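>>> Structure, please.
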Amino acid sequence: MSIPIEVPGLNTIIPVLEEGRLVVVESGADSAKSFFVRRLSLTAGKAGWPVTFVTSRDEAEVRALLSSEGGSERPTGNWVHVFERDSVEEFDEFESAGGLLTVDSYSYMTLNLTPARMAASLRRLRSACRARNMTAILATDRGMFNPQAEAVATHLADGFLQFHAREGPEGALRFLRIPKWMDGKFVDRNIYYEFDGKRISVDLRSRVL
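Predicted coordinates:
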């Protein structure tokens, strides 16, 4: 089963996150990235998927965010398992549940891994996704990887989505880039969005940076 992308506008470009896939979601200081991966986790939970959420933040804080952002439609029962980690080398302990594995922030948790070690770990995780029909989302922080580690993550991911923010003629501009998506597809354009802390709103009109 695939996870619907519940962001109006963006869902016309990438309607679903397919099962059995490994996806990297990257941004700078913009909190929209973490909101986005929590949104995907909530969607998976509502669909009956078991969700494993690995975070470098406080477990209670993450649970509170999932509860408030899910609102009255949030999943019920023991739908998510949250693990606090400062480092992650292998994902074996998180694979048994299947479903969706969300890791935020993967780049922070792997600061001490060599590129070769990271590549081996990601290859095993990707194989586990295929074998178990599970999906993994790794949220990363721009600039935290060294160039070699960033190249490894980009190459081994099935999909790579980037959140950007920069100053434009009319003030701050926020936009998404999708340099790589499933089966070799990519979207060679800026996808503009606004984020107010409660929802991501995508604007598909063309603009000039």
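>>> If we go by neighbour counts, what in stretch 138-157 is buried?
Neighbour-count burial for stretch 138-157 flags 138-142, 144-145, 149-150, 152-154, 156-157 (criterion: 16 or more other C-beta atoms under 10 Å). Where you see a C-beta, it was placed from the backbone N, CA and C, and this is true even at glycine.
>>> Show me the residues you listed that map onto strands.
Among those, the members falling in strands (DSSP state E) are 138-141.
>>> Quick one: mean pLDDT for the longest helix that the chain contains?
Taking DSSP state H as the criterion, the chain has its longest helix at helix 115-132. For helix 115-132, mean pLDDT rounds to 97.
>>> any idea how far the residue of the chain most remote from its centre lies from Val82?
Relative to the C-alpha centroid of the chain, counting by C-alpha atoms, centre = their mean, Pro169 is the outermost residue, at 29.5 Å. Distance of Pro169 to Val82, computed by C-beta to C-beta, to the nearest Å: 42 Å.
>>> cool, Phe145 as well?
24 Å.
>>> Identify, from the ones in strands among the buried residues of stretch 138-157, the entry nearest to Gly28.
Gly28 lies nearest to Asp141 out of these, by C-beta to C-beta, at 7.3 Å.
>>> Give me the neighbour count for Val202.
18 (other C-beta atoms under 10 Å).
>>> For beta bridges, what are the partners of it?
Val202 has these beta-bridge partners by DSSP bridges: Tyr193.
>>> Now do the contacts for it.
Contact analysis of Val202 by C-beta atoms under 8 Å, 6 or more residues apart in numbering lists 7-10, 176, 191-193.
>>> Over to Phe83?
52-55, 59, 94.
>>> now swap in Lys33 and tell me
25-27, 139, 163.
>>> Please identify which helix or strand holds Ala44.
helix 32-46 (DSSP states H and E).
>>> chain center to that helix: distance?
Put simply, helix 32-46 sits 8 Å off its chain's centre (C-alpha atoms, centre = their mean, to the nearest Å).
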